[in-house]
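Peer 1: sequence-free structure coming up:
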């Protein structure tokens, strides 16, 4: 009986220690994000006044955050750097709308989330405009497994149904045209477009739900 | 990575100072008050308002509630529309709440078809109330669009729908005091033209997309 009671107390001590550790861990994460928030807010306020060096520092820090955010959600993909720069450009254009009296993170992450979805929506047409030559289909298809390899367990793409994920991966990450990807998957071009559209909408909902 | 460093250097080179961000809620309220004032003055200038309208507001609580729910819905939609011009200030859910308030207000006219708030009468009928509603909303909509498009709307279509809905519903609301009271007439000649203003709003959003 005494042994059961001792085990019970020992269990409570272990549980409490674990809870305390988790609590302090959460506190330190919150503290870190709070300090980032206020530092970025100050840097942006200074940039709004025209300070180049503060603005450069802010954009450098934000670029790293965006890169980490995208890498965690989409894996190590080639499009991430382009997406980071497009988001930085959006932040630059929107910098007059930031109110230093308000927290920085909601303003910043709303732009990031919006630009990611916007980038994925328009990516294929951009490739067609910038690369008039036919893409080397065989070479790109052979890259496909490496793209899939970059999708780890925590990846957002894993949350998509397999047909949607394949369609999105081939068109937006590998960079095939719609007809090439449709041929690869053995479906019509229209069906492929529907799958890509649904995949992007699903991603949008997942990303917005992270709020 | 070197590309990113160069890119950041280009963005921060010769950085121009930007103006201070105004309080969006105060801006939205100022727009609402100015626009409502404009609609009221114009309505009175064009023709007389229904003679017993203001006394009915005091004598019939349901009519007062109907009018006030319209005011609340329009104010809420206006504030959300202005917030939509800046990233991270509103969400789809808050916008949906605005539409729900608007539907709640309009539902009272639908209920009024069966059980009207006031005794339906043609007293105070204005000859072209539908055109008045449509035309009076254009200036408030243009003003709001001119102000908000200078911010950074991430959902211009959604913002345009909210702005045009608020602009269209302002004269539609005042027409229930200025024109005859009959729910069928209100829905067809005041509310429908007010809703049609959303088409103009969508056109503005389309132009914005094309230009950007």
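Peer 2: Nice, thanks for sending it over. From a predicted model like this one, the values you see are computed outputs, not experimental measurements.
Peer 1: what's the helix or strand bottoming out on mean pLDDT in chain B packed up against?
Peer 2: The weakest-scoring helix or strand in chain B, judged by mean pLDDT, DSSP states H and E, is helix B:2-12 (a mean of 88). Applying 3 or more C-beta pairs under 8 Å, 6 or more residues apart in numbering or on different chains; DSSP states H and E, we find helix B:2-12 packed against helix A:52-74, helix A:79-94. All C-beta spots, glycine's among them, are computed from the backbone N, C-alpha and C.
Peer 1: so the residue most central in space within chain B, which state does it fall into?
Peer 2: By C-alpha atoms, centre = their mean, chain B has its centre lying nearest to residue B:166, at 0.9 Å. For residue B:166, the assignment made with DSSP: H, G, I helix; E, B strand; the rest coil gives helix.
Peer 1: residue contacts, it?
Peer 2: Taking C-beta atoms under 8 Å, 6 or more residues apart in numbering or on different chains, we find residue B:166 in contact with B:32, B:74, B:77-78, B:81, B:140, B:144.
Peer 1: please redo it, this time with the cut-off set to 10 Å
Peer 2: For residue B:166, the contact set (C-beta atoms under 10 Å, 6 or more residues apart in numbering or on different chains) comprises B:28, B:31-32, B:35, B:73-82, B:98, B:102, B:137, B:140-141, B:144, B:194, B:197, B:201.
Peer 1: in helices, which of the residues you listed appear?
Peer 2: B:28, B:31-32, B:35, B:73-82, B:98, B:102, B:140-141, B:144, B:194, B:197, B:201 (DSSP state H).
Peer 1: sorry, back to before: now render the helices and strands packed on helix B:2-12 as JSON lines, adding distance to residue A:172.
Peer 2: Output for these, formatted as JSON lines (distance: least, C-beta to C-beta, whole Å):
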{"stretch": "helix A:52-74", "distance to residue A:172": "10"}
{"stretch": "helix A:79-94", "distance to residue A:172": "7"}
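Peer 1: could these go into a markdown table alongside mean pLDDT, distance to residue A:36 and mean neighbour count?
Peer 2: Conversion of the helices and strands packed on helix B:2-12 to a markdown table gives the following (pLDDT from 0 to 100; distance: least, C-beta to C-beta, whole Å; neighbours: other C-beta atoms under 10 Å in any protein chain shown):
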| stretch | mean pLDDT | distance to residue A:36 | mean neighbour count |
| --- | --- | --- | --- |
| helix A:52-74 | 93 | 8 | 18 |
| helix A:79-94 | 92 | 15 | 19 |
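Peer 1: where does residue B:90 land in three-state SS?
Peer 2: coil.
Peer 1: report the spatially nearest residue to it, omitting neighbours in sequence.
Peer 2: What sits nearest to residue B:90 in space, not counting adjacent residues and going by C-beta to C-beta, 6 or more residues apart in numbering or on different chains, is residue B:83, at 4.1 Å.
Peer 1: so the one you found touches residue B:162, yeah?
Peer 2: Yes: Residue B:83 lies in contact with residue B:162 (C-beta atoms under 10 Å); the separation is 9.4 Å.
Peer 1: tell me who's in contact with the residue nearest to residue B:172 when sequence neighbours are not counted.
Peer 2: Spatial nearest neighbour of residue B:172, chain neighbours left out: residue B:194 (3.5 Å); criterion: C-beta to C-beta, 6+ apart. Going by C-beta under 10 Å, 6+ apart, residue B:194 touches B:106, B:130, B:133-134, B:136-137, B:164-173, B:175.
Peer 1: how close does residue B:194 sit to chain A?
Peer 2: 29 Å (C-beta to the nearest C-beta, to the nearest Å).
Peer 1: ok, residue B:73 to residue B:131 distance?
Peer 2: For residue B:73, the distance to residue B:131 (C-beta to C-beta, to the nearest Å) stands at 23 Å.
Peer 1: who has more neighbours out of these two?
Peer 2: residue B:73 (23 against 12; other C-beta atoms under 10 Å in any protein chain shown).
Peer 1: list the contacts of the more buried one.
Peer 2: Contacts of residue B:73 (C-beta under 10 Å, 6+ apart): B:98-106, B:165-166, B:169, B:173.
Peer 1: where does residue A:164 land on pLDDT?
Peer 2: We have a pLDDT of 87 for residue A:164.
Peer 1: so what's the residue nearest to residue B:90 up against?
Peer 2: Neighbour list for residue B:83: B:24-25, B:27-28, B:89-91, B:94-95, B:148, B:151, B:159, B:162 [criterion: C-beta under 10 Å, 6+ apart].
Peer 1: what is the nearest of the residues you listed to residue B:180?
Peer 2: residue B:162 (29.1 Å; C-beta to C-beta).
Peer 1: what about the closest residue to that closest one other than its chain neighbours, distance to residue A:205?
Peer 2: Of all residues not flanking residue B:162 in the chain, residue B:81 sits nearest, at 3.5 Å (C-beta to C-beta, 6+ apart). Plainly put, residue B:81 is 23 Å away from residue A:205 if you go by C-beta to C-beta.
Peer 1: go on, residue B:38?
Peer 2: Separation of residue B:38 from residue A:205 (C-beta to C-beta): 40 Å.
Peer 1: higher neighbour count, these two?
Peer 2: Neighbours per residue, other C-beta under 10 Å: of residue B:38 and residue A:205, the larger number sits with residue B:38, 16 against 10.
Peer 1: contact partners for residue B:157?
Peer 2: B:201-202, B:204-206, B:208-209.
Peer 1: helix or strand right after the helix or strand in which it is found?
Peer 2: According to DSSP states H and E, residue B:157 maps onto helix B:156-178. Note on helix B:156-178: by DSSP H and E, the next helix or strand toward the C-terminus is helix B:183-185.
Peer 1: rounded mean pLDDT for that next one, please.
Peer 2: For helix B:183-185, mean pLDDT rounds to 95.
Peer 1: who are the packing partners of it?
Peer 2: Secondary-structure packing of helix B:183-185 (3 or more C-beta pairs under 10 Å, 6 or more residues apart in numbering or on different chains; DSSP states H and E): helix B:92-114, helix B:156-178.
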